[in-house]
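**Student:** everything below, folded, please.
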Amino acid sequence: MDTLANEAIILTPSAARRVAAIAAKQGKPAILRLSVEGGGCSGFQYRFGLADAPEAGDTVAVQDDVSLVVDEMSLDLVRGSAVDFVESLGGAAFQVTNPNAASGCGCGSSFSI
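**Tutor:** Okay, the predicted model is just below:
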């Protein structure tokens, strides 16, 4: 398990607060897993979920005692990204600002490189 420097991937304070709240409600550790899978309308899609612990090969970013874990394959596609939690009239969701994405879909949940 490698700990990321801030410039590799960032978990914003807003996202950290949201993860902490969800984890506390569910009685789980405050660990958010970000993975990238094939699919979605643009080729790749982001997947978020709570994790019990980092796995072998994961890289970890920490913000306010909340961890963001990313597996090795996904990290290649999201390196340099920021994970935020955004609330708007359209709803509330985790959002990835990915400098590697050449294009994305309107909802922000999928991208292409």
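**Student:** where does this structure dip in pLDDT?
**Tutor:** Applying pLDDT under 70 to the chain flags the ranges 1-7, 39-42, 102-113.
**Student:** helices of that one, residue ranges please.
**Tutor:** 13-26, 72-78 (DSSP state H).
**Student:** buried ones in the shortest one?
**Tutor:** This means helix 72-78. By neighbour count with 16 or more other CB atoms under 10 Å, helix 72-78 contains the buried residues S74, L75, L77, V78. Bear in mind the C-beta positions are built from the backbone N, C-alpha and C, glycine included.
**Student:** what sits against the third one?
**Tutor:** It refers to L77. In this structure, L77 makes contact with V36, F44, N98, N100, I113, judged by CB atoms under 8 Å, 6 or more residues apart in numbering.
**Student:** distance to G90 and neighbour count added to these, as JSON lines?
**Tutor:** Putting these into JSON lines (distance: CB to CB, whole Å; neighbours: other CB atoms under 10 Å) gives the following:
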{"residue": "V36", "distance to G90": "23", "neighbour count": "23"}
{"residue": "F44", "distance to G90": "22", "neighbour count": "21"}
{"residue": "N98", "distance to G90": "19", "neighbour count": "22"}
{"residue": "N100", "distance to G90": "24", "neighbour count": "14"}
{"residue": "I113", "distance to G90": "25", "neighbour count": "13"}
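**Student:** which single one of those residues is nearest to G57?
**Tutor:** G57 has its nearest neighbour among those in V36, at 14.7 Å by CB to CB.
**Student:** show me what that closest one is bridged to.
**Tutor:** Beta bridges link V36 to Y46 when assigned by DSSP bridges.
**Student:** also Q63?
**Tutor:** V66.
**Student:** surely it meets P13?
**Tutor:** Yes: if you go by CB atoms under 8 Å, Q63 and P13 touch, sitting 6.2 Å apart.
**Student:** understood, closing this out.
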